[in-house]
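**Q** any chance you can model this:
(one chain, ligands or ions: 2)
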Amino acid sequence: MSVIIDLEKVFYSYRGGKKWALEDISLQIERGEILAVMGGNGAGKTTLCRLFNGIIPNIFAGRFLGNVTVDGENTRDAQVPRLALKVGMVLDDPDAQLFTSSVREETAFGPENLLLQPSEIIERINFALSAAGLCGFEDRSPSTLSGGEKQRLVIASALAMGGKILVLDEPLSRLDPQGAEEVISVLRDLREKYQITVIMATHDSKSASILADRICVLKNGRVAACDTAENIFANSALLEENGIQQKGGADIEKVFSVKSKSDIQQTLAVKITDFCYFFEDADVSIENINLTVADNDFIAIIGKNGCGKTTLLKSITGLLRPSSGDIFIRGKNSKELSVSGISREIGFVMQNPDSQLFTDSVFNEVSFALKNAELSGAEIQKRVQDALAAVGLTDTDAFPHALRRADRTKVVIASVIAMGCKILIFDEVDVGQDWQGCIHIMNIAKELHSKGYTIIFVTHNMSLVCDYAVRLAVMSRSGIVQYEK
Ligand SMILES: Nc1ncnc2c1ncn2[C@@H]1O[C@H](COP(=O)(O)OP(=O)(O)O)[C@@H](O)[C@H]1O
Ligand SMILES: [Mg+2]
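**A** Ligands and ions are numbered 1, 2, ... in the order given. Presented below is the predicted three-dimensional model:
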């Protein structure tokens, strides 16, 4: 065994940062090792990843102490483009890393820029595509690939640069379970067949437990523990303290069964009949979607990346209009309702809270739509107080963007509750959220459900589905199957 990466007493704070983002980190990583980096939001995982390719300290300014040695080179002295030959980076959103029009071009891009011989370029493309399981995909446009395939293409492009180290920052967080499994199996092969060293920051306990030789748990920028996956997952106090999910996944088939057709008589919050949506630019469609959401339902919607879940949610909230079919909201056809009319019934909590926050205080945020509704000052005060109490926030003066991720989502939830919405839709709020934050949000949803709210949530996390949903809808582009507990 030989050490390929050596971190020696590393301290780093971002420019203007009041505290260390990384503090006193000493860590050795062996050649061919798979190291998972875990810990809550803001624990320092992304910052740690930025050390390995030298963008900290060479591109990010700030205060940096200690030494990082990557494959014999001290990153202080190394040029970032040179380190890119040793270390490939893969981020959470594959779309942000893909920019050419075919799989072949995408993989060739790096080697071509290195001015390699054509034969060497071809060899590298072949190696990278086969390592990523993408042989046969050469002529496909990246935009037509599934989430898992896209992420494997990002991995292939990184491998084609010739490096022996791959650093992945939450590579699975936007993938459906099948895509995640494909990526996990590629990463396992990389180590076994090609002795690639893999460092993966992740919230996903299942993949960490399957893949990692060791897990480094970060807390407030420090190493809280670094041990075998087995020992880490045996330490429930450590997991709890760092908001890490136990590794045992959930088995949907044991919890849900196909729904009998009998309960259609119930009052329905939302009813969707023969919904179709055509994406004209991409020449694909979502068809034959029939879904019933009962009043006071707690329903999870799952389905592969790209099957149209967000499109369906946006259509329910009136942000998109179906190409054909009908959506009834409390019995009224949404064709006869305005977007603002729908927004008084249905609150939409989007994947990224930041796209829904636009004022300078929690109070202004939660009261924003109320002011437009011409309510009295006293009524607005009361609604804001009640809504914030429901989500457990107290500081009305706080600057929304300075809050923690889960709290930013809570502000969005409070805003829609204050509007009087009784049907709440959550679109993958677990993405980009640590496990603890995710549980906070889901517990708020559960509490609201117990008060009579109707909850619809989209997720890829089967534990959340099993623990929270009363009913389940599995969606594909050609239909929905409904299940119940
Ligand atoms: N680009 C940046 N500029 C300033 N501060 C940052 C930046 N990125 C992260 N931080 C801060 O560094 C700390 C660690 O964050 P990060 O590495 O992103 O954690 P994680 O990836 O575990 O969620 C946090 O306090 C965060 O606010
Ligand atoms: Mg991060």
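
**Q** so where's this structure shaky on pLDDT?
**A** Applying pLDDT under 70 to the chain flags the ranges 248-251, 260-266.

**Q** so what touches stretch 132-150?
**A** With contacts defined as CB atoms under 8 Å, 6 or more residues apart in numbering, stretch 132-150 is touched by 94-95, 98, 100-104, 106, 126, 129, 152-153, 155-156, 159, 174-176, 178-183, 185-186, 189, 282, 304-306. For the C-beta atoms, the positions are set from N, CA and C on the backbone; glycine is no exception.

**Q** from those, which land in strands?
**A** Using DSSP state E, no member of the contacts of stretch 132-150 sits in strands.

**Q** among these, which ones are buried?
**A** 94, 98, 103-104, 106, 129, 152-153, 155-156, 159, 174-176, 179-183, 186, 304-306 (16 or more other CB atoms under 10 Å).

**Q** residues of this protein that sit close to ligand 2?
**A** By CB under 5 Å from the ion, the part of the chain that sits against ligand 2 consists of Lys45, Thr46.

**Q** neighbours of Arg63, just the number please.
**A** 13 (other CB atoms under 10 Å).

**Q** doesn't it belong to a helix?
**A** No. Applying DSSP: H, G, I helix; E, B strand; the rest coil, one finds Arg63 to be strand, outside a helix.

**Q** any figure for the gap between it and Val80?
**A** To Val80, Arg63 is 19 Å away according to CB to CB, to the nearest Å.

**Q** cool, Pro400 as well?
**A** 34 Å.

**Q** more neighbours, those two?
**A** Pro400 (23 against 13).

**Q** that one against Gln356, yeah?
**A** No. Taking contacts as CB atoms under 8 Å, Pro400 lies outside contact range of Gln356: 9.5 Å.

**Q** and Asp191, what helix or strand is that in?
**A** Quick fix: residue 191 reads Arg, not Asp. Using DSSP states H and E, Arg191 sits within helix 177-194.

**Q** and for the helix or strand following that helix, what's in contact with it?
**A** Using DSSP H and E, the helix or strand that follows helix 177-194 towards the C-terminus is strand 197-201. Strand 197-201 has contacts (CB under 8 Å, 6+ apart) with 4-5, 29-38, 45-46, 48-49, 52, 164-171, 187, 190-191, 207-208, 211-212.

**Q** next, see if the next helix or strand after strand 197-201 gets close to ligand 1.
**A** Per DSSP H and E, the first helix or strand lying C-terminal to strand 197-201 is helix 205-211. No. Against ligand 1, helix 205-211 shows no contacts by CB under 6 Å from any ligand atom, the least distance being 13.9 Å.

**Q** may I have the helix or strand following helix 205-211 exported as PDB, CA atoms only?
**A** Per DSSP H and E, the first helix or strand lying C-terminal to helix 205-211 is strand 214-219. What follows is strand 214-219 as a C-alpha-only set of coordinates in PDB (Å, rounded to 0.1, in the frame of the first residue of the first chain):
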ATOM      1  CA  ARG A 214     -13.200   4.100   5.100                       C
ATOM      2  CA  ILE A 215     -15.500   6.900   5.900                       C
ATOM      3  CA  CYS A 216     -14.300  10.300   7.100                       C
ATOM      4  CA  VAL A 217     -17.000  12.100   9.000                       C
ATOM      5  CA  LEU A 218     -16.600  15.900   9.100                       C
ATOM      6  CA  LYS A 219     -18.200  18.100  11.700                       C
END
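
**Q** contact partners of strand 214-219?
**A** Under CB under 8 Å, 6+ apart, the answer for strand 214-219 is 27, 33, 35-40, 43-45, 48, 208, 223-229, 232, 238, 241-242, 244.

**Q** in strands, which of the residues you listed fall?
**A** Assigned to strands by DSSP E, the following of the contacts of strand 214-219 qualify: Leu27, Leu35, Ala36, Val37, Met38, Val223, Ala224, Ala225, Cys226, Asp227, Thr228.

**Q** which among those residues end up buried?
**A** Counted by 16+ other CB under 10 Å, those give Leu27, Leu35, Ala36, Val37, Met38, Val223, Ala224, Ala225, Cys226 as buried.

**Q** max pairwise distance over the residues you listed: which two?
**A** The largest separation in these, counting by CB to CB, is between Leu35 and Ala224 at 14.7 Å.

**Q** outline the domain layout of the chain.
**A** 3-241, 252-484 (automatic domain parsing).

**Q** near ligand 1, which residues of the protein are found?
**A** Counting by CB under 6 Å from any ligand atom, the chain sits next to ligand 1 at Tyr14, Gly17, Ala21, Gly39, Asn41, Gly42, Ala43, Gly44, Lys45, Thr46, Thr47.

**Q** in contact with the fifth one, which residues?
**A** The reference is to Asn41. Taking CB under 8 Å, 6+ apart, we find Asn41 in contact with Arg404, Arg405, Ala406, Gly432, Gln433, Asp434, Gly437.

**Q** the first one touches Gly437, doesn't it?
**A** In this case it means Arg404. Yes. Using CB under 8 Å, Arg404 makes contact with Gly437 at a distance of 7.1 Å.

**Q** more neighbours: which of the two?
**A** A count of neighbours by other CB under 10 Å puts Gly437 above the other of Arg404 and Gly437, at 23 against 15.

**Q** am I right that Ala269 sits in a strand?
**A** Yes. Looking at Ala269 with three-state DSSP, it is inside a strand.

**Q** ok, Phe127 touching Met161?
**A** No. The criterion here is CB under 8 Å, and Phe127 misses it with Met161 at 11.3 Å.

**Q** give me the number of neighbouring residues for the residue of the stretch 201-350 of the chain found nearest ligand 2.
**A** Ligand 2 sits closest to Ala201 of the stretch 201-350 of the chain, with a gap of 6.1 Å, by CB to the ion. By other CB under 10 Å, the residues close to Ala201 number 26.

**Q** same check, this time on Gln356
**A** Other residues close to Gln356 by other CB under 10 Å number 18.

**Q** coming back round to it: go through the buried ones among the ones in strands among the contacts of strand 214-219 and name the one nearest ligand 1.
**A** Nearest to ligand 1 out of these is Val37 (CB to the nearest ligand atom; 8.0 Å).

**Q** can I assume that closest one is in contact with Thr47?
**A** No. Applying CB under 8 Å, one finds Val37 not in contact with Thr47, separated by 10.3 Å.

**Q** give me the most central residue, this protein.
**A** Geometric centre of the chain, nearest residue: Val431, 2.8 Å, by CA atoms, centre = their mean.
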